[in-house]
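>>> need a structure here:
(one chain, ligands or ions: 1)
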Amino acid sequence: MNNLIDIMQLSTEELQGLINTALDIIADPKKYAHVCEGKKLATLFFEPSTRTRLSFEAAMYELGGHVLGFSEAQSSSAAKGESVADTARTVGCYADIIAMRHPKEGAPLVASRTAGVPVINAGDGGHNHPTQTLADLLTIYREKGGFENLTIGLCGDLKFGRTVHSLISAMSRYKGVRFVLISPEELRVPRYIVTDVLEKGNIPYEETTSLEDAMPRLDILYMTRVQRERFFNEADYLRLKDSYVLTPEKLIPAKATLSVMHPLPRVNEIAVSVDSDPRACYFKQVLNGKYMRMALILKLLEVQV
Ligand code: CP
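Model prediction:
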């Protein structure tokens, strides 16, 4: 594999390999401090980002490599009308690997066809976000010790929340996993995820609008932000944005072993007072994302350590 466009390009064995590398980096960061010397990562971000872009950059620096790129389309020649394919072909002349975020679904795939170097999808529209899933998987692995026999509640904007789509696909491959899909009617998970992933794989799932009903059964609660930037109509966003707000009171009936996750950024869907609950894992996800991106860069550049 030379690119990471969709999480399903990675087998469960390859995912475990990335997790093992990430755990080794955590245990012995000095061993990895110079392994990418002379290599360059380009971060091409046509959409805003804090965690994904900066963790990719931190990852490459901590591997001894260098970083170049842009953080908004307006500061690149996309603003003059350059195509994604031409931008990727150009940047492939300067960098050894590219991480791309773009508002259009499929843009990183298009880039991968002309770049001539590995391309990583750092989020494409409302479609996929495979490296967030890598962060999520390392977090689940560290919190739960594995991936089997988990009841996973996904709550909020399941329609536009690209991290949800990648996580459902990835977790569907493990034994005994079941999903509780908690959303307003208008923000239900897309039909193609239901038919192509859940029903095709015979994965147990239920759809509900009630977080309260689901709470006592969950091993993982994955909260998501309502994705304002994907709405066509501001009035709909305003009506739906506070559909679910997790508070300490709502966690009272939850398991003591629950893990509360969120890809971040949060807006209003988790009260700040939840942050001190030992079950809150969302800032652990942030850090785990850096380690998994380090592991991914090593894999795609075929660096042996
Ligand atoms: N989780 C995530 O993708 O965050 P950013 O948008 O800040 O990169």
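
>>> which residue sits closest to residue 243, ignoring its sequence neighbours?
Nearest residue to residue 243, sequence neighbours excluded (CB to CB, 6 or more residues apart in numbering): residue 184, at 4.9 Å. C-beta here means a position set from N, CA and C on the backbone, and glycine is covered the same way.

>>> how about the contacts made by that neighbour?
When contacts are counted by CB atoms under 8 Å, 6 or more residues apart in numbering, residue 184 touches 209, 240, 243.

>>> of these, keep whichever come out buried.
The neighbour-count test (16 or more other CB atoms under 10 Å) applied to these identifies 240, 243 as buried.

>>> got the residues of the protein near the ligand?
49, 50, 51, 52, 123, 132, 263, 264, 265 (CB under 6 Å from any ligand atom).

>>> just the buried members of those residues?
Buried by 16+ other CB under 10 Å: 49, 51, 52, 123, 132, 263, 264, out of the residues of the chain next to the ligand.

>>> three-state assignment of the residue nearest in space to the middle of the chain?
For the chain, the residue sitting closest to the mean C-alpha position, by CA atoms, centre = their mean, is residue 132 at 1.8 Å. At residue 132 the chain is in helix, as set by DSSP: H, G, I helix; E, B strand; the rest coil.

>>> surely it is in contact with residue 165?
No - at 10.4 Å, residue 132 does not count as touching residue 165 under the criterion of CB atoms under 8 Å.

>>> would you say residue 268 is within a strand?
No - read with three-state DSSP, residue 268 is coil and lies in no strand.

>>> mind checking pLDDT for it?
What the model reports as pLDDT for residue 268 is 92.

>>> right, and it touches residue 245 too?
Yes - using CB under 8 Å, residue 268 makes contact with residue 245 at a distance of 6.0 Å.

>>> neighbour count for those two, which is higher?
Neighbour count, other CB atoms under 10 Å: between residue 268 and residue 245, residue 245 has more, with 15 against 12.

>>> gap between that one and residue 146?
Residue 245 sits 31 Å away from residue 146, going by CB to CB, to the nearest Å.

>>> go on, residue 71?
Per CB to CB, residue 71 is found 37 Å from residue 146.

>>> the more surrounded of those two?
residue 71 (19 against 10).

>>> longest helix of the protein, counting residues only.
In terms of residue count, the longest helix belonging to the chain (DSSP state H) is helix 282-300.

>>> give me the buried positions along that one.
For helix 282-300, by 16+ other CB under 10 Å, it's 282, 284-286, 288-300.

>>> just the buried ones among the residues of the chain next to the ligand now: which is nearest residue 233?
Distance to residue 233 across those (CB to CB) is lowest for residue 123, with 22.5 Å.

>>> which residues touch the closest one?
Counting by CB under 8 Å, 6+ apart, residue 123 touches 47, 49, 52, 101, 102, 129, 132, 162.
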